[in-house]
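> predicted model, plus sequence, below.
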Amino acid sequence: MRLLANFKSYIKKENLFQQKDKLLIAASGGADSTVLCELCKQAGFDFAIAHCNFKLRGEASDRDENFVRQLAEKYQVRIFVKEFDTNAIVKEQKTSIEETARNIRYDWFAALLEENNVDWLLTAHHADDNIETVMMNFFRGTGVKGMRGILPKQKKIIRPLLFARRSEIENYAVENNIVFVTDSTNAESDYTRNYFRNELIPAIEKMYPETANNVLRNINRFADVEILYNESMHTIKEKLVEKRGNEVHIPVLKLANAKPLHTVIYEIIAEYNFTAAQVREVEKLLNSDSGKYVTSATHIILRNRKWLIISPINIVEEVGHYVIEKDETVIFFAGGKLEINTVPKPESLVTTADTAFIDASNLKYPLLLRKWKQGDYFYPLGMDKKKKLSRFFIDVKLSITEKENVWVLESDKKIVWIVGLRIDDRFKIIDQTKYIVKLSLVL
C-alpha cells in the first residue's frame with residue numbers, strides 16, 4: 001500500500017485539492033488512469049469518470065469505452081463518454097492527430113467541469129510522462145519553462161501521480177489484481193511521445209543508465225530556476241516596457257543595452273504570439289529605419305524613431321478608425337497595410353488601383369482612416385461635382401461584400417482617397433505641386 005500512502009502525501013504536500021472537493025478523472029482504461037481511479041476510491045475521494053472515444057483504432061476504441069463504462073459501474077460513480085470523429089476534425093483543422101486529440105478532449109473536459117459543478121479534472125500523468133515531456137521540450141527549444149516539465153496543478157487540471165514512476169503504477173496494479181486494457185499503439189513509434197518513450201530514451205540509457213532519474217532531479221532544479229528567472233525578467237520588463245492603452249512602447253537604446261539581449265527580447269515578445277525564431281528579426285529593428293516592422297498572427301512590432309511599438313494588428317477593427325499623425329509611415333488595419341511616404345514631386349508617376357499620389361500641401365494632419373458610411377461623398381478625380389459614395393459604388397459595380405470592406409482616408413473632414421479605388425479631385429497633383437504624398441495599400 002506504499003503507493004496509496006505516497007499518493008495521499010503528495011496531494012497534501014502540493015495542496016492539490018481537499019477531501020470535500022468534487023473530482024473528474026480522465027480515464028482511458030490504461031494502467032495509469034485505472035490505478036488513479038482505484039487510489040481515489042481507496043482514499044475516499046468523491047469522483048466521476050470521463051472517457052473520450054477518438055474512433056482511431058476501430059474495435060479497440062470501442063473496447064476501451066466499454067471497459068471504462070464497467071469501471072464506473074464497479075465504483076458506482078457517474079460516467080461521461082464522448083465520441084469524436086477525430087480523422088474528420090484533423091482534415092478540417094489541418095492539425096496533427098496528437099494535437100487535435102489533445103485540444104478536443106481538454107475542450108470537452110472544461111465544458112464538463114463547468115456544466116456539472118466539478119472542482120478539478122484529474123489526469124494520470126506520471127513521472128515517466130514528465131521525463132518524456134522535458135526531453136521533447138528540450139529538443140523543441142522551449143527554454144526554461146519547458147525544462148520544469150508538467151506542473152502538478154495548472155488552473156483546473158491536477159496530476160496527482162507525477163511523483164510515481166510507470167513501473168510503480170504497473171506493479172501496484174499487479175499486486176492489487178487491478179485489471180486494465182492496453183493500447184497497442186503505445187508500442188508503435190509513429191507519434192512523437194511514443195518515439196521518445198520507445199526509441200530515443202532507451203538508446204540514451206544504454207550509454208547513461210541513470211538518464212531518467214537524472215532528468216527527474218533536473219526537473220526539480222529547473223522548477224527553482226524558473227522562479228528566479230521569472231523574478232529577474234519581471235524586474236527587467238518593468239524598466240523597459242511602457243504600456244500605453246493597448247500598445248506597448250519600448251525605448252530602443254535601453255533595449256539594445258539589455259543583457260542577455262536575445263532572452264530579454266524573447267520574454268517581452270512571446271506573450272504577443274511571436275516565436276523564438278523571430279527574435280533575430282526584432283533585434284534587427286534596433287538598427288533599422290523608422291517604419292520597419294515584424295508581425296505575428298496577432299501583433300506588429302514597429303520601429304518608430306527611438307521606440308519599438310507593439311500593437312494589436314486588429315486595432316482598427318476594434319475601434320473602427322485610426323488616427324494618423326504626420327510622422328507615421330506604416331499603418332496596419334483590417335483592410336491590410338497602408339504605407340505613407342512624402343517625397344519631392346517626380347517627373348512622372350505610375351498610378352495603380354492600390355497606389356495614390358496626393359498634393360502634400362493640401363493635407364491637414366492628423367489624417368483619419370475609417371470605414372465608409374452612408375452619406376459620405378467626394379469629388380471624383382476629374383470632376384467638379386460631388387458624388388455620394390453609395391452612388392459611386394454602383395457605378396464601379398461593387399458587390400455588397402466589397403462595399404462592406406471599403407475604407408476611406410480623410411483630411412479635415414474631406415475624403416482624400418477611397419482606399420484602393422479613387423482619389424478626390426481636390427487633392428490631385430497640379431503643376432505647382434512641389435511635394436507629393438504616396439499612399440500604398442498592401443493587402
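Perfect, I can see it now. Residues are numbered from 1 along each chain as shown.
> tell me which residues in the one helix or strand Tyr172 maps to are buried?
Tyr172 belongs to helix 166-175 when assigned by DSSP states H and E. Using 16 or more other CB atoms under 10 Å as the test for burial, helix 166-175 gives Arg166, Glu168, Ile169, Tyr172, Ala173. For glycine as for every other residue, the C-beta is placed from the backbone atoms N, C-alpha and C.
> and for stretch 275-285?
Applying 16+ other CB under 10 Å to stretch 275-285 flags Ala276, Gln278, Val279, Glu281, Val282, Glu283, Leu285 as buried.
> which one of the residues you listed is nearest Gln42?
Ala276 (44.6 Å; CB to CB).
> give me the pLDDT for Asp190.
Asp190 is assigned 61 on the pLDDT scale.
> how near is the residue minimising distance to the centre of the chain to Thr295?
The structure's the chain has its C-alpha centroid closest to Asn273; by CA atoms, centre = their mean the separation is 5.7 Å. Look at Asn273 and Thr295: by CB to CB, to the nearest Å, they are 10 Å apart.
> same question, Ile423
As defined by CB to CB, Ile423 lies at a distance of 28 Å from Thr295.
> that older thread, looking at pLDDT only, which of the buried residues of stretch 275-285 scores worst?
Lowest pLDDT among the buried residues of stretch 275-285: Ala276, with 85.
> wait, what's in contact with it?
Residues near Ala276 by CB atoms under 8 Å, 6 or more residues apart in numbering: Gly141, Gly143, Tyr266, Ala270.
> try Phe109
By CB under 8 Å, 6+ apart, the residues touching Phe109 are Leu24, Ala26, Ala50, Leu121.
> A helix includes the third one, no?
Translated: Ala50. No: Ala50: not assigned to a helix; according to DSSP: H, G, I helix; E, B strand; the rest coil it is strand.
> surely it is in contact with Arg78?
No: contact between Ala50 and Arg78 fails when scored by CB atoms under 8 Å: they sit 9.4 Å apart.
> give me the number of residues near the closest residue to Leu161 other than its chain neighbours?
Distance criterion CB to CB, 6 or more residues apart in numbering; nearest residue to Leu161, sequence neighbours excluded, is His126 at 4.5 Å. Other residues lying near His126 total 24 when counted by other CB atoms under 10 Å.
> correct me if wrong: His126 contacts Ser167.
No: at 9.8 Å, His126 does not count as touching Ser167 under the criterion of CB under 8 Å.
> Gln70 versus the closest residue to Glu38 other than its chain neighbours, what's the distance?
Residue nearest to Glu38 in three dimensions, not counting chain neighbours: Ile178, with 5.6 Å by CB to CB, 6+ apart. The spacing between Ile178 and Gln70, counted by CB to CB, is 13 Å.
> more neighbours, the two?
Ile178 (15 against 12).
> and that one, what does it touch?
Ala31, Thr34, Val35, Glu38, Tyr172.
> repeat that for 7 Å
Neighbour list for Ile178: Thr34, Val35, Glu38 [criterion: CB atoms under 7 Å, 6 or more residues apart in numbering].
> most neighbours among the residues you listed, which one?
Of the contacts of Ile178, with other CB under 10 Å as the count, Val35 tops at 26 neighbours.
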